[in-house]
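Novice: predicted structure and sequence below. I'll ask about it afterward.
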Amino acid sequence: INAEYMGAIFFTPIMASGDDINGCYDLFDKDGKGGPLPVGVVGEALRTLGKAPSQAELKELLAGHSSVDRNLFKALASKLDCPSKEDIIEAFSVFDIQGNGYIPLKELQHVLKTLGEGLEDDILHKLAVITEPDSDQQVNYRHFVDIMTKDL
């Protein structure tokens with residue numbers, strides 16, 4: 001797994017075009033027939049487009065739906081915002097107790113595992129390499145966000 005792939009998993013603040021949205025829909029259409037997507041994959045599909053819906057948002061947006069057709073998927077993708085690079089840096093700055101632009105790797109891993117939907121241990125281990133911690137196991141979170149938001 002490389003930094004670009006990890007960036008696509010976490011946050012790729014892009015404006016998705018109609019072609020991107022259709023391509024994403026097709027990617028998650030397992031049988032390739034253009035039928036509706038199961039609601040269970042919609043969050044992951046939207047995150048692939050750089051959107052950041054929480055489970056609560058998804059539950060609200062998908063209330064009453066057992067599946068999502070292409071038109072609804074396009075509407076959802078258009079409705080949800082992508083976090084900006086500045087928003088992501090600001091979110092990480094909350095954990096920068098020293099105010100020096102660094103957070104402990106263990107703290108970063110804890111945050112990414114416990115907040116929101118959480119990441120699996122194998123992803124966190126790979127993330128530890130990509131974050132390039134210094135000798136004190138501190139991560140420059142601006143550099144980390146730069147790596148993770150780098151254009152694919």
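Specialist: Sure thing, it's come through.
Novice: going by C-alpha atoms from here, please, whenever you check contacts or count neighbours.
Specialist: Fine.
Novice: residues near the closest residue to residue 146 other than its chain neighbours, how many?
Specialist: Leaving out its chain neighbours, the residue that sits closest to residue 146 by C-alpha to C-alpha, 6 or more residues apart in numbering is residue 85, at 7.9 Å. Neighbour count of residue 85, defined by other C-alpha atoms under 10 Å: 18.
Novice: and residue 85, how far is that from residue 92?
Specialist: 11 Å (C-alpha to C-alpha, to the nearest Å).
Novice: is the residue nearest to residue 146 in contact with residue 150, as I believe?
Specialist: No. Contact criterion C-alpha atoms under 8 Å: residue 85 and residue 150 do not qualify, at 9.9 Å.
Novice: anything in contact with each of the two?
Specialist: Here residue 85 and residue 150 share no contacting residue, scored by C-alpha atoms under 8 Å, 6 or more residues apart in numbering.
Novice: that older thread, now do the residue nearest to residue 146 against residue 99, distance only.
Specialist: Taken as C-alpha to C-alpha, the span from residue 85 to residue 99 is 19 Å.
Novice: show me where the protein has strands.
Specialist: Assigned by DSSP state E, the strands in the chain fall at 37-38, 67-68, 102-104, 138-140.
Novice: of those strands, which is nearest residue 44?
Specialist: Proximity to residue 44 (C-alpha to C-alpha) singles out strand 37-38 among these, at 11.2 Å.
Novice: return the list of strands paired to the closest one, each annotated with direction.
Specialist: If you go by DSSP bridges, strand 37-38 pairs up with strand 67-68 (antiparallel).
Novice: residues making contact with the strand it pairs with?
Specialist: 36, 37, 38, 39, 42.
Novice: now those as JSON lines including neighbour count and pLDDT?
Specialist: Output for the contacts of strand 67-68, formatted as JSON lines (neighbours: other C-alpha atoms under 10 Å; pLDDT from 0 to 100):
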{"residue": "36", "neighbour count": "18", "pLDDT": "94"}
{"residue": "37", "neighbour count": "21", "pLDDT": "95"}
{"residue": "38", "neighbour count": "15", "pLDDT": "93"}
{"residue": "39", "neighbour count": "17", "pLDDT": "92"}
{"residue": "42", "neighbour count": "20", "pLDDT": "93"}
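Novice: just put those in a markdown table and tack on distance to residue 114.
Specialist: Shown next, in a markdown table, are those (distance: C-alpha to C-alpha, whole Å):
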| residue | distance to residue 114 |
| --- | --- |
| 36 | 31 |
| 37 | 28 |
| 38 | 26 |
| 39 | 23 |
| 42 | 22 |
